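Engineer: Structure for the following, please:
(chains A, B, C and D)
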Protein chains: 2
Amino acid sequence: MTPARSLDDVLEHLRAGGKRITSPRRAILEALLKHAGRHPTAEQITADVHDRQPDVDKSTVYRLLDDLEKMGLIDHVHLAHGPAVYHFADDAHHHLVCENCSKVFEVPTGTFDALRRRLLANFDFEMQARHFAIPGRCGSCARASTSQQL
Amino acid sequence: MTPARSLDDVLEHLRAGGKRITSPRRAILEALLKHAGRHPTAEQITADVHDRQPDVDKSTVYRLLDDLEKMGLIDHVHLAHGPAVYHFADDAHHHLVCENCSKVFEVPTGTFDALRRRLLANFDFEMQARHFAIPGRCGSCARASTSQQL
DNA sequence: TTCCGTGCAAACAATTTGCAATAGA
DNA sequence: TCTATTGCAAATTGTTTGCACGGAA
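Structural biologist: Here you go, the predicted structure:
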């Protein structure tokens, strides 16, 4: 996957996919790029767009996010609860979410290779955890709480 | 965890927790027990209850499911998409869901021991995957589709 | 001139909540 | 009696959809 991390880059991908370049799309892409490396929700992206263009509707944001995902430029991830978050597809990683403090930790995809092989060998199942975070408890929350198990 | 798989058993747990025994609760528990070993949704349980007592509201079902979970009698699991499913807590296992055919496969919790240890050692993170299924593709769907990767 | 893309409003699914009436203990 | 529990309706959250208008190509 060629990284697509500049506005021109993504616009080019859009054009190549037969999509039109519009002002809402520019604004959404700029917001997305601004959040690169983080995990923005559709709502956060929409809020960002609204700073500049208050009339852009959230449905437009969702529609473009869908398109970008179909084009393989971005991925969505469901954290333990709440809305999906988005990140660039070339920034491949898996996610751990603390169910207590909601912090998100990124781990290299290789971390799951052994499990992936085991599920394939023992259960004939091709794991695909890209879109779902692994929930649990981060170290500091685990130590902070003397309470019962999660 | 003492298995609680008979109506009397669960009623006893409820009483012990200071809860009242009511007719809606009996019906919900009977439906739950009838589905033991499967993965019913709140809606399926409600439908079941309605066969006998059409006036029981789904909010009542949700409220009892919450209570039972707080008491440690049942667990909920989020499959890849759609509603949560419920199963008895003593029937501990993890879930694989095929994103194509939606079939659910149960795997022993031990399957994840190595990953659990690795996440703890490398990332100071206590994995708790009980409430979330691992999505992917089951063998037959993987072989059936000559299409692209998930 | 074509359609694609858009804002708007409404629909959606799953779940939660407020509230007054009811019924267990 | 006394308060937990219930049905009902409405609110919530995150996301999707139908539709007619407007603007990119």
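Engineer: In chain A, which residue sits closest to DNA strand C?
Structural biologist: With Cβ to the nearest atom of the strand as the measure, A:Thr60 is the residue of chain A nearest to DNA strand C, at 3.1 Å. Every residue, glycine included, has its C-beta placed from N, CA and C.
Engineer: Can you report how many residues lie near that residue?
Structural biologist: 17 (other Cβ atoms under 10 Å in any protein chain shown).
Engineer: which residues does it contact?
Structural biologist: A:Thr60 makes contacts with A:24, A:28, as judged by Cβ atoms under 8 Å, 6 or more residues apart in numbering or on different chains.
Engineer: does chain B sit close to the helix or strand harbouring A:Leu115?
Structural biologist: If you go by DSSP states H and E, A:Leu115 is part of helix A:113-123. Yes. Counting by Cβ under 8 Å from any Cβ of the partner chain, chain B has neighbours in helix A:113-123: A:114-115, A:118-119, A:122-123.
Engineer: so what does that helix touch, helix or strand wise?
Structural biologist: Counting contacts by 3 or more Cβ pairs under 8 Å, 6 or more residues apart in numbering or on different chains; DSSP states H and E, helix A:113-123 packs against strand A:125-127, strand B:104-107, helix B:113-123.
Engineer: any idea which of the ones you listed is most buried?
Structural biologist: Among the helices and strands packed on helix A:113-123, strand A:125-127 has the highest mean neighbour count (mean count of other Cβ atoms under 10 Å in any protein chain shown), at a mean of 21.
Engineer: Show me the beta-bridge partners of the residue most central in space within chain A.
Structural biologist: Among the residues of chain A, the one closest to the centroid is A:Tyr86, at 2.5 Å (Cα atoms, centre = their mean). For A:Tyr86, the beta-bridge partners under DSSP bridges are A:His76.
Engineer: what's near enough to touch it?
Structural biologist: Taking Cβ under 8 Å, 6+ apart, one finds A:32, A:39-42, A:45, A:65, A:74-77 in contact with A:Tyr86.
Engineer: Next, the buried residues of stretch A:34-50.
Structural biologist: A:35, A:39-42, A:44-46, A:48-50 (16 or more other Cβ atoms under 10 Å in any protein chain shown).
Engineer: Would you check which pair of those residues lies furthest apart?
Structural biologist: Farthest pair in these (Cβ to Cβ) is A:His39 and A:His50. Separation: 19.4 Å.
Engineer: Helices along chain A, start to end?
Structural biologist: A:7-16, A:23-34, A:42-52, A:58-70, A:113-123, A:139-144 (DSSP state H).
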